[in-house]
Each structure stands twice: as C-alpha cells, then as structure tokens.
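Colleague: one predicted model, sequence on top.
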Amino acid sequence: MSSLRGRVRRSTSALVSLLPRGRMLPDEVWHRRHRAIVRVAGLQALGLVVFGAFQGLGPVEVLAGGALVLAPLALAVPSGYSRKLRSAGASASLFTASTVLVQFWGGQTEAHFHFFVMIGLVALYQDWVPFSIGLGIVVVHHGVLGTLEPQFVYSHHAAMAHPWRWMVVHAAFVLAASVTHLASWRLNEQQGLRDPLTGLANRTLLQEFLTRALSRREEITVLFVDLDDFKNVNDSRGHAAGDQLLLAVTERLRACVRGGDLVARLGGDEFAVVLHGGEPAARRVGERFLASLDQPVAVEGHQLHVHASLGTADTSTLCQQRSDLDSAAELLRNADLAMYWAKSSGKNRLVAYTEGMSAAAQDKASLRDDLASALEEGQFEVYYQATVDFRRPAGHPGATDQSADRAKGYEALLRWCHPERGMVSPLDFVPLAEANGSILAIGAWVLRTATRQAAAWTAERGYPVSVAVNLSAVQLASDDVLTVVRDALRDSGLRPHQLTLEVTESVLVGDLEAVSARLAQLRSAGVLVAIDDFGTGYSSLSYLRRLPVDTVKIDRSFISDLATGGSATLLVASIIELARSLGLDVVAEGVETEQQAGVLRNLSCTYAQGFLYARPQPAQELATAPGAVVPEIVADPSTLVPR
C-alpha cells in the first residue's frame, strides 16, 4: 500500500512539475497584491448587493448573495495562514462573485465574461492554486446549478438542454485562459532568470528552485564551483577570451549533471549546481567535473589549463528552525564556505561542508578586516633567509672552519606581526590579500624594503648582495608590475642583476604564453627570474624550455624524501640535470639535515636553502644571531665594488 502511495505521489509531482508556474513573489510584493485583491473582493460583494437591488431581487436573496461572496474572505484575511490558503480564500470570493452575478442577471451571456476578468486578477498571485479554485467553481456552478436551475445559468436552450456539456466548454476556456496567463508570466520572466552569456539559471532562479525543493522536503545538495585564478585569464587575454572559457566550462559542467539537476551561474566565474540526493551524489558529479578539467580548453587558438575549487552542502547541514527561504540561503552559504575551504587548502579540489567552517569563516573575515590597515599601521616585517652556494668548497678564500658552504644571497620573506594574534602565517593572510587586491600594495612595499636592504648591505660590505622577492600571481598579472620593479630598483640604487623575482609554479597553470611574455618583460629590465616550488604537479619539466627563467627552486617536499632514496632522488636528479643542460641554476628548498645536503652535493645541485644553514630573521639580527651558520655573504674578490 505504501509503495502504491509513493508511486501516486511521484506521478503527481511529475505532473505538477510540467505545469507552467509563475515566479515565487517576494513577501512584500505578495502581501501588497493580496491586500489589493481582498479589497476588490470586498467591493464586489457590496457592488453585487447594489446590483441585485436594482434588478428588483428580494432583500434576502441580495444579502445572501453578498454574504456568499464575503464568506471565503475569512480565510484570506488572517495573517497567520499560509500564502496558499489566503490566496485560495480570496480567489474563492472573486469567482463566487462571478457565479452570483450570473445568477442575479438571469444567466445573461455578458455576465460570464466576469469569470475571465477574475482570471486576470488572480494571475497576480502567479500560482496554480487560485486558478484551480476558479476551475472548480465553474464546474460546480455550470454543471450542478446548471442542471438544477439552468435558466439562471445559461441564456440559450442548447446549454439548458445539455448543461454538463456546456460546463465542459466553459471549463475548457477557463483552463485555457489560466494556462495562457501563467505561461505568459513564465516566458516573460525567463528573460530575467537566465544568465545572458551561458543561458544557465541565474541567482534568482536558483533561489526559487532551492526554496521550492525545500518546501517539498526533498533531499538535495548544492555543489558550489569557483574557477581558480580566472582573473588572470581576463587580465592577460581580455574579457572576450574569458567569456569563451566560461562557455567551455559551462558545457563541461552540464555534461556532468543529470537531467533533473539545476545548473546556475552566480556571476563572474562562480557556478552552483542543485542535485537531488545527498552528498555522495554531489561528490560524484564534482569529481567528474574536476576530471573533465584535466583536458586544456582551446581559446583563441591557445590551450588554456583551468582548474576549480568545489564545495558541497546537503540538507542535513541546515538548521531546522529556519523558513524555507532562509534555509535556501543557508544551504547556498554552507556550500560557498566549503568551496572557500577548498580554495584555501590548495585549490583544484572538492570539500564537503562540516560544522566549524562557519566559525572559521568568521575568523577569516575578521583577519581580512585587520589586513586592510596592517600595512598602514606598520605591522608587516621582512625577514631574510640565506641561500648557500654548494660550489664554494672549504678552503675557498673567505671560508672558515665552521662550514664548507657559504651564502650567495638572501630570500625576502613577508611576515605579519598582528597586535593581538602575534605572528600570522603567510599561508593564512596572503590568499586573503590576493583575493581583495591588497597584495599589490603589500608586494610593492616588500620590493621597496628588500631592495633598499640589499643596497644597504652592498654599500656596507663592499660587494654585491643579492636578494630574492616573491611575486604572487595577482602581482604578475598586473600591468603595473614592471613599473613597480623598476621604481624599486631606481629608488634603492640596487643593480637589476642583484634582484631575483620568484614566481610559484602554480602561476603557469592559467596561460603559459601570457606568463612567459610577462616574465620576459621583467627580465628585459635586467632582473633574474626563478620558478618557486617546482615539481608540485602543475607543470612538467618540458615547460622549462619555453620559460624565460634563470633559476629553478625544487620544492621542499622532494628534499625531505631524499634520505630514503627512490623516486624523490630520481626526480631531483632529473631536474638538476635538465637545468644544467638549459644553463639554469638550481636551489633546493627545505634542507634540514646533513644527509640531505650530502645527496644534493653528490647530484651537483647549485644552491641550497633551509634550517640547516639559517632560519628567516629580521635584517638587524642576521649578523648577531647566536649559532648562525651563515653570518654574512662571502663573495669572490672579483665581485667587490668600490665603497
């Protein structure tokens, strides 16, 4: 029996889903329209009493007709009732007025036109319930009353002789008028419910879809999609190329979902998918989509690599005390939070919403607010970590007995000393700075500070001291980056070849040709370029042949595995060998043990950096830090510069 009820319920739901429906009106708009319709219904009751009196009807019949019109308003007025019940009461009053008018007018044909005026009026509700009320009243009035007292319903003999046949005719016209009204509403509204570029649902339609699904107590999951580093494509290739990329991504996303799922574009490079079912179903769709992005996208004759961060949230994450409208917003917000968690965890992955993400998001928002004033209030510092030269053996002029390795330069590292939190990790605040654009001002400050410091060391020590500064993807994509670098060199007096600009390997994933062109511009200014975190999976060794770079920095994750041998040693050896064939220097990051250093020397690695030699320190502490293995730069006599 329960299975039969389930089949009937599913069949009914499928049938209802085929019916054209108007938009879900905002509360304020619905209540304003409802109040107007109730006033019309009340005025009609009064008007019918006056009309009946002029027709010469008895006072009892006239007052009964007016009372019959007013009675359904008992459901329409109370504010505690649902929208559907209140609209049903108002609609019943309007259509009852039509039947009373026909009755008072003795079945006059023109009186039936009142039905169609009422259909136009209840269309303001943009819902099927009022039309269903009207259709039901037509059936009862034209069929039942037309059989009992046909002379008061119909004005011609054919209808009086066959009242049910003519009831079907009238009902068909009422139904057709109802469908036409709602279909016209729906078609007109579609223009404001679709994204003009992709044709996907927009945020408004997504909100309505979620609200309706939640009102039916369906189990649904939202998959939130945000493309990684999409802004770089717009900045380097232009918005036309960005639009082509969005269209290609849209097609891949559509190919991963099922027929009953809704795909929406929320704006920019953000998408959302509403899926029927729990989190496992959304995870399968998300993983298929991520896999589809492994293939590059052809845009204006170029192969662009694009990745995405995905977050999911299902109905089990909702607070049960909220309304359907609030629950829809909460579900979308939870999926959005999970997506940002995926982005902050390294991008190109899918994360499901869990409790605690909201608190973490609030903490991150607080950190973002504090970041806005951190630069102005002088909370940032630049620390420096030495890079040692493996090519300087013990016994080299200037060497001591403390170590066979000597520094060839320093890497400038940004640090944030928060007045309340203390030291904040760059992994926490740099993504926030990149997201809100403040990394441009912060990065320019780091460049100016580091170049001034390197120039000061050069003047103090009498030989060139080099410095490496990290550039974020946002800085690299900025049209002002070349001007910022040149201004920093000019103001500090540092020679261009003493500055190395480091970019992470991840910036190559968006548009290799555009990045290569920007790096070539920077090198034209005389500075050196290094690829940081090399080997983390975004690019291949073959990319090195196409990039205008001088140095490759091997990611610390490979260095930490050197002691065990195996694949890590083989990969590091391959990078070093390829770099040597291309005339590039190699820096091994994260060297912490003598065993790691020994393997790197045997592999003929050029430089190394890590806690084995020096920890990041403020400039004033470099020469006085206790236990520092690398107290200062040691240079060849040929590199000395006049004081």
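Modeller: Structure received.
Colleague: measure Ser309 to Ala76 for me?
Modeller: Separation of Ser309 from Ala76 (CB to CB, to the nearest Å): 48 Å. Backbone N, C-alpha and C define where each C-beta goes, glycine included.
Colleague: typo on my end, Gln521
Modeller: Gln521 sits 70 Å away from Ala76, going by CB to CB.
Colleague: all strands of the stretch 401-550 of the chain, in order?
Modeller: For the stretch 401-550 of the chain, the strands defined by DSSP state E, counting those that start in this stretch occupy 406-418, 422-424, 467-471, 499-504, 528-534.
Colleague: strand partners of the fourth one, parallel vs antiparallel please.
Modeller: Using DSSP bridges, the strands paired with strand 499-504 are strand 467-471 (parallel), strand 528-534 (parallel).
Colleague: same question for the shortest one, mean pLDDT?
Modeller: The reference is to strand 467-471. pLDDT averaged over strand 467-471 equals 95, rounded to a whole number.
Colleague: which residues are in contact with that strand?
Modeller: In this structure, residues lying in contact with strand 467-471 by CB atoms under 8 Å, 6 or more residues apart in numbering are 384, 387, 409-414, 443, 446-447, 450-451, 453-454, 481, 494, 498-504, 530, 532.
Colleague: on that earlier part again, more crowded one of Gln521 and Ala76?
Modeller: Applying other CB atoms under 10 Å to Gln521 and Ala76 shows that Ala76 carries more neighbours, namely 23 against 13.
Colleague: these two touch, right, that one and Lys84?
Modeller: No: contact between Ala76 and Lys84 fails when scored by CB atoms under 8 Å: they sit 11.3 Å apart.
Colleague: determine the number of other residues adjacent to Thr198.
Modeller: 20.
Colleague: actually Arg415, sorry about that
Modeller: Close neighbours of Arg415, defined as other CB under 10 Å, add up to 16.
Colleague: let me know whether it touches Tyr384 as I believe.
Modeller: No: counting by CB under 8 Å, Tyr384 is not a contact partner of Arg415; they are 10.6 Å apart.
Colleague: shared neighbours, those two?
Modeller: With CB under 8 Å, 6+ apart, Arg415 and Tyr384 have common neighbours Pro616.
Colleague: which helices and strands sit right next to the helix or strand where Ala92 lies?
Modeller: Assigned by DSSP states H and E, Ala92 falls within helix 83-104. On a contact count with 3 or more CB pairs under 8 Å, 6 or more residues apart in numbering; DSSP states H and E, helix 83-104 meets helix 27-54, helix 59-70, helix 73-76, helix 113-122, helix 128-139.
Colleague: per-residue confidence at the closest residue to Leu197 other than its chain neighbours?
Modeller: Nearest residue to Leu197, sequence neighbours excluded (CB to CB, 6 or more residues apart in numbering): Asp243, at 6.0 Å. With respect to pLDDT, Asp243 has a value of 90.
Colleague: returning to what we had before: so the helix holding Ala92 versus helix 59-70, what angle?
Modeller: If you take axes from the mean of the first three to the mean of the last three CA atoms, to 10 degrees, helix 83-104 sits at 150 degrees to helix 59-70.
Colleague: circling back to that earlier point, my read is that the residue nearest to Leu197 contacts Thr198, right?
Modeller: No: using CB under 8 Å, Asp243 is not in contact with Thr198; the gap is 9.1 Å.
Colleague: most tightly surrounded among the strands paired with strand 499-504?
Modeller: Across the strands paired with strand 499-504, the average number of neighbours (mean count of other CB atoms under 10 Å) peaks for strand 467-471, which reaches a mean of 25.
Colleague: what angle separates that strand from strand 406-418?
Modeller: Between strand 467-471 and strand 406-418, the angle comes out at 50 degrees (the same axes, to 10 degrees).
Colleague: tell me where the stretch 251-400 of the chain has helices.
Modeller: 279-292, 324-344, 357-374 (DSSP state H, counting those that start in this stretch).
Colleague: how about those, which one is nearest Leu253?
Modeller: Closest approach to Leu253 among these (CB to CB): helix 279-292, 5.8 Å.
Colleague: residues of the closest one that come out buried?
Modeller: Under the neighbour-count criterion of 16 or more other CB atoms under 10 Å, helix 279-292 has Glu279, Ala281, Ala282, Arg283, Val285, Gly286, Phe289, Leu290 buried.
Colleague: would you reformat the residues you listed as JSON lines and include distance to His170 and pLDDT?
Modeller: JSON lines is the format used below for the buried residues of helix 279-292 (distance: CB to CB, whole Å; pLDDT from 0 to 100):
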{"residue": "Glu279", "distance to His170": "51", "pLDDT": "88"}
{"residue": "Ala281", "distance to His170": "47", "pLDDT": "89"}
{"residue": "Ala282", "distance to His170": "48", "pLDDT": "90"}
{"residue": "Arg283", "distance to His170": "53", "pLDDT": "92"}
{"residue": "Val285", "distance to His170": "48", "pLDDT": "93"}
{"residue": "Gly286", "distance to His170": "53", "pLDDT": "93"}
{"residue": "Phe289", "distance to His170": "52", "pLDDT": "94"}
{"residue": "Leu290", "distance to His170": "57", "pLDDT": "93"}
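Colleague: closest one of these to Ala328?
Modeller: For these, the residue nearest Ala328 by CB to CB is Ala282; the value is 16.1 Å.
Colleague: next SSE after the host helix or strand of Val168?
Modeller: Secondary structure from DSSP H and E places Val168 in helix 163-190. For helix 163-190, the following helix or strand on the C-terminal side (DSSP H and E) is helix 203-215.
Colleague: pLDDT of that next one, averaged?
Modeller: On average, helix 203-215 scores 85.
Colleague: can you start the count at 57 instead of 1 from here on
Modeller: With 57 as the first residue, the last one maps to helix 259-271.
Colleague: one step back: now the strands paired with strand 555-560 as CSV including distance to Thr306?
Modeller: As requested, the strands paired with strand 555-560 are exported to CSV (distance: least, CB to CB, whole Å):
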stretch, distance to Thr306
strand 523-527, 32
strand 584-590, 31
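Colleague: pLDDT below threshold where in the stretch 107-256 of the chain?
Modeller: The stretch 107-256 of the chain contains residues with pLDDT under 70 at 165, 201, 207-212, 214-215, 241-248.
Colleague: try it again at 90.
Modeller: 108, 111-114, 121, 135-136, 138-140, 151, 154-253, 255 (pLDDT under 90).
Colleague: the stretch 357-506 of the chain now?
Modeller: 357-362, 371-386, 393, 396-404, 410-425, 428-429, 432, 445-465, 481-493.
Colleague: got a list of what Arg314 touches?
Modeller: By CB under 8 Å, 6+ apart, Arg314 lies in contact with Leu331, His332.
Colleague: so what's the backbone phi/psi at it?
Modeller: The phi and psi torsions at Arg314 (degrees, to the nearest 10) take the values phi -90, psi 170.
Colleague: how close does it get to Val647?
Modeller: From Arg314 across to Val647, the span is 51 Å (CB to CB).
Colleague: and if you look at Gly493?
Modeller: According to CB to CB, Gly493 and Val647 sit 35 Å apart.
Colleague: right, and Asn390 touches Thr371 too?
Modeller: No: applying CB under 8 Å as the test, Asn390 and Thr371 come out as separate, 10.1 Å apart.
Colleague: who's more crowded, the two?
Modeller: Neighbour count, other CB under 10 Å: between Asn390 and Thr371, Asn390 has more, with 24 against 18.
Colleague: ok, and the closest non-adjacent residue to the more buried one?
Modeller: Distances taken as CB to CB, 6+ apart put Ala369 closest to Asn390, at 3.5 Å, once the chain neighbours are dropped.
Colleague: contacts only, for the one you found.
Modeller: Per CB under 8 Å, 6+ apart, neighbours of Ala369: Thr277, Val278, Phe280, Leu387, Leu388, Asn390, Ala391, Leu393, Ala394, Ala408, Tyr409.
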